[in-house]
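In: Next input, structure requested:
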Amino acid sequence: MRAIQARQAGGPDVLELVDLPDPEPGAGEVAVEVAAAGVNFIDTYRRSGIYPVPFPHVVGSEGAGRVVALGAGVTSLAVGDRVAWSDAPGSYASRAVVAADRALPVPDDVDDVTAAALPLQGLTAHYLATSTHPVAPGDDVLVHAGAGGVGLLLTQLAVARGGRVIATVSTDEKAALAREAGADVVIRYDQLEDLTAELPALVREATGGHGVAAVYDGVGRDTFDASLASLRRRGVLVLFGGSSGQVPPFDLQRLNSAGSLFVTRPTLKDYVATPEELSERADELFDAVRDGSLTVRIGATHPLEEAAGAHAALESRATTGKVVLTL
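Out: As a prediction, this is how the structure comes out:
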């Protein structure tokens, strides 16, 4: 099979296209001919060494394709079935092995690129909006990177639940996309001289001085202080990523003095811990895509061999929506 391998920890330049033996499914697994693979920040964290993984390793964990072989004991799927997944290591490849109970059946009217784009970011947006801080009618919430893959999906889901979204973006194009997704207020953080001071002031101005019920922050280090300062009393900062770097340790007394605030650092695996919960979230997402109430924006597609360029674009925040590798 063709695969993208990270030979050592480092920048996008450590990614290389290699030929490797086809992996075979073990008990409870299926082998899939990959049609498209999603590109995510977690892939860059593993490639760079922020998240410890063995090297060399085939990059990627998300994709969509067609089942070509069944491992022992698999009865829920058949050869020829179309599936998608969010957590199968080695997905930047023409063939991947996926746990059968983590494979998501793909409806016939959802194309491969959309199916590959939805699992990780869609499931993330779903648990953020419905479980970590369940958006309630009338809630003001702040979504950082509002034109990113998670941001656009999260905005749509929050608005559908009756929330009012304030989004941060860095360009005119991204501002237009955030508004199209339903954001009521869009703030250009690149135009602020002092993000930590100015962003909370703008958020409070937009919320009658109260602040937001929740901040959904996948940026991390650069936005953390501004996020805390944007919360209303007893608000929650949902720190679900660190595209600008990881947040350093901080004094918990800050939460007390700022209004009995909450901070949580969720991860997807804990919100799809059982096959039943995974299936329920995925079914809701695919149904929303099919009925048109949820739009998955594909910001860019790259052939497999251009994975390094896709990583560079993602890390430079030059992308909007979802980045997908096609095979």
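In: ok, residue 187 touching residue 174?
Out: No. At 11.1 Å, residue 187 does not count as touching residue 174 under the criterion of C-beta atoms under 8 Å. All C-beta atoms are positioned from the backbone trio N, CA, C, and that covers glycine.
In: what about the residue lying closest to residue 3 once chain neighbours are set aside, distance to residue 311?
Out: Take residue 3 and drop its neighbours on the chain: the residue closest to it by C-beta to C-beta, 6 or more residues apart in numbering is residue 93, 3.7 Å away. To residue 311, residue 93 is 16 Å away according to C-beta to C-beta, to the nearest Å.
In: cool, and residue 241?
Out: Residue 241 is 15 Å from residue 311, by C-beta to C-beta.
In: Residue 323 contacts residue 314, correct?
Out: Yes. Under the criterion of C-beta under 8 Å, residue 323 makes contact with residue 314 at 5.7 Å.
In: ok, those two, which is more surrounded?
Out: residue 323 (26 against 22; other C-beta atoms under 10 Å).
In: Just the helices from this protein, written as ranges.
Out: Per DSSP state H, the chain carries helices over the ranges 41-48, 112-117, 119-127, 149-160, 172-181, 195-206, 224-229, 253-257, 275-290, 307-315.
In: Buried by neighbour count: which residues of the third one qualify?
Out: Under the neighbour-count criterion of 16 or more other C-beta atoms under 10 Å, helix 119-127 has 119, 120, 121, 122, 123, 124, 125, 126, 127 buried.
In: Neighbours of residue 193, how many?
Out: Residue 193, neighbours per other C-beta under 10 Å, totals 6.
In: Now do the contacts for it.
Out: With contact set as C-beta atoms under 8 Å, 6 or more residues apart in numbering, residue 193 has no partners.
In: and it, backbone torsions?
Out: In terms of degrees, to the nearest 10, the main-chain angles of residue 193 are phi -80, psi -30.
In: For the residue lying closest to residue 254 once chain neighbours are set aside, give me its contacts.
Out: Once flanking residues are discounted, residue 254 sits nearest to residue 228: 6.7 Å by C-beta to C-beta, 6+ apart. Contacts were defined as C-beta under 8 Å, 6+ apart; by that measure residue 228 touches 215, 237, 254, 255, 258, 261, 263.
In: With residue 181 instead?
Out: Per C-beta under 8 Å, 6+ apart, neighbours of residue 181: 146, 151, 152, 155, 156, 159, 167, 295.
In: And for residue 190?
Out: Contacts of residue 190 (C-beta under 8 Å, 6+ apart): 170, 171.
In: quick check: longest strand of this protein.
Out: strand 29-39 (DSSP state E).
In: And for the residue nearest to residue 234 when sequence neighbours are not counted, the neighbour number?
Out: Of all residues not flanking residue 234 in the chain, residue 260 sits nearest, at 5.2 Å (C-beta to C-beta, 6+ apart). Applying other C-beta under 10 Å, we find 11 residues neighbouring residue 260.
In: Let me know the pLDDT of residue 260.
Out: What the model reports as pLDDT for residue 260 is 98.
In: how far away is it from residue 226?
Out: Taking C-beta to C-beta, one finds residue 260 at 19 Å from residue 226.
In: Packing partners of the longest strand of the chain?
Out: strand 63-70, strand 82-85, strand 95-99, helix 112-117, helix 119-127, helix 307-315, strand 322-326 (3 or more C-beta pairs under 8 Å, 6 or more residues apart in numbering; DSSP states H and E).
In: Tell me the gap between the first one and the middle of its chain.
Out: The offset between the C-alpha centroid of strand 63-70 and the centroid of the whole chain comes to 22 Å, using C-alpha atoms, centre = their mean, to the nearest Å.
In: Can you list the strands that that strand pairs with?
Out: strand 29-39 (antiparallel), strand 82-85 (antiparallel) (DSSP bridges).
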